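**Student:** my questions concern the predicted model and sequence given below.
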Amino acid sequence: MSRAYNKSCFTDSDPYRPVRNISVVVPTLNEGDHIRGCIASLLNQPEIIEVIVSDGGSMDDTGAISAAEGARVIKSGHRGRGFQLSDGILNTTGDVILAVHADCRLANGSANRVLAALNTDPLTAGGALAMAFTSRMYRLQVIALLNNLRARFTGISFGDQGQFFRREALERIGGFPRQMLMEDVELSLRLKTVGRISFLPRGILASPRRWKTRSFALRTIQVLCLFTRYMLVRRKGCIREATDKFYRQYYD
């Protein structure tokens, strides 16, 4: 059962057309160790008609593995996920776009639930899936809970929550945000201007690897600070310069 975030500021009351299928875009950079499982979880769902791997210049065997597993690989030429997702979307044909990170898995039946949610409410522009980590570590369970509560009650989701949206809605917002970081937050904010936002329970199983590369507390604070700073600079209209700087800070 989906939950629609209704406090949307959209003014366009024209309902969206029914949707029949899904294209998935996976942004990658040296994901040879994870991409196989990700693609397998996507292509075993009949509603997904294609998986586009948008690679940002991998130096490992990400591309070869992806192609062997049945995905179509394109060279984005950019490392920022916003650019990679935007380039990947240009190569899709589905009625709905689903963005999935390479170290995530899509639970069985999730693609069907996405289509059902969108067809049940023709005013819904897109949404996200609830996420959980593969690790049972208590701290990670708390992070997943907070992520899901934020998406459920504010309509703002992160990229590892399986963001999905209608192609029609993407056209109404002028395309996918081409920015180095916080493209997921920007997408959420723009979608809220053209329709309702749906949040579906369960759906994404994420790797905890990025939470193991540095202090847990430091990473938590960093994410919260970047999110807050982004919301502030967004009001000033300095998104491009800020996100380039945020990207360097986050991935240095």
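**Tutor:** Structure's in. What do you need?

**Student:** can you show me the strands along this protein?
**Tutor:** Under the criterion DSSP state E, the chain contains strands at 3-5, 22-28, 48-55, 72-75, 96-99, 104-106, 124-133, 164-166, 196-206.

**Student:** could the ones you listed be laid out in JSON lines, adding distance to R248, mean pLDDT and mean neighbour count?
**Tutor:** For every residue, glycine as well, the C-beta is placed using N, CA and C. Conversion of the strands of the chain to JSON lines gives the following (distance: least, C-beta to C-beta, whole Å; pLDDT from 0 to 100; neighbours: other C-beta atoms under 10 Å):
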{"stretch": "strand 3-5", "distance to R248": "32", "mean pLDDT": "57", "mean neighbour count": "18"}
{"stretch": "strand 22-28", "distance to R248": "18", "mean pLDDT": "98", "mean neighbour count": "27"}
{"stretch": "strand 48-55", "distance to R248": "21", "mean pLDDT": "98", "mean neighbour count": "24"}
{"stretch": "strand 72-75", "distance to R248": "23", "mean pLDDT": "97", "mean neighbour count": "16"}
{"stretch": "strand 96-99", "distance to R248": "23", "mean pLDDT": "98", "mean neighbour count": "26"}
{"stretch": "strand 104-106", "distance to R248": "24", "mean pLDDT": "98", "mean neighbour count": "24"}
{"stretch": "strand 124-133", "distance to R248": "26", "mean pLDDT": "98", "mean neighbour count": "26"}
{"stretch": "strand 164-166", "distance to R248": "28", "mean pLDDT": "98", "mean neighbour count": "27"}
{"stretch": "strand 196-206", "distance to R248": "24", "mean pLDDT": "97", "mean neighbour count": "22"}
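
**Student:** which one of the ones you listed lies closest to S41?
**Tutor:** The closest of the strands of the chain to S41 is strand 104-106. By C-beta to C-beta, the value is 4.2 Å.

**Student:** other SSEs contacting the closest one?
**Tutor:** Strand 104-106 sits against helix 35-43, strand 196-206, with contacts defined as 3 or more C-beta pairs under 8 Å, 6 or more residues apart in numbering; DSSP states H and E.

**Student:** so what does the first one touch, helix or strand wise?
**Tutor:** Helices and strands touching helix 35-43, by 3+ C-beta pairs under 8 Å, 6+ apart, are strand 22-28, strand 48-55, helix 62-68, strand 104-106.

**Student:** how far does it sit from the chain's center?
**Tutor:** Here the centre of helix 35-43 is set off from its chain's centre by 16 Å, with C-alpha atoms, centre = their mean, to the nearest Å.

**Student:** residues making contact with it?
**Tutor:** Under the contact criterion C-beta atoms under 8 Å, 6 or more residues apart in numbering, helix 35-43 has outside partners 24, 26, 28, 31, 48, 51, 53, 62, 65-66, 69-71, 100-108, 111.

**Student:** now the angle from it to strand 48-55?
**Tutor:** Computed with axes from the mean of the first three to the mean of the last three C-alpha atoms, to 10 degrees, the direction of helix 35-43 lies at 150 degrees from that of strand 48-55.
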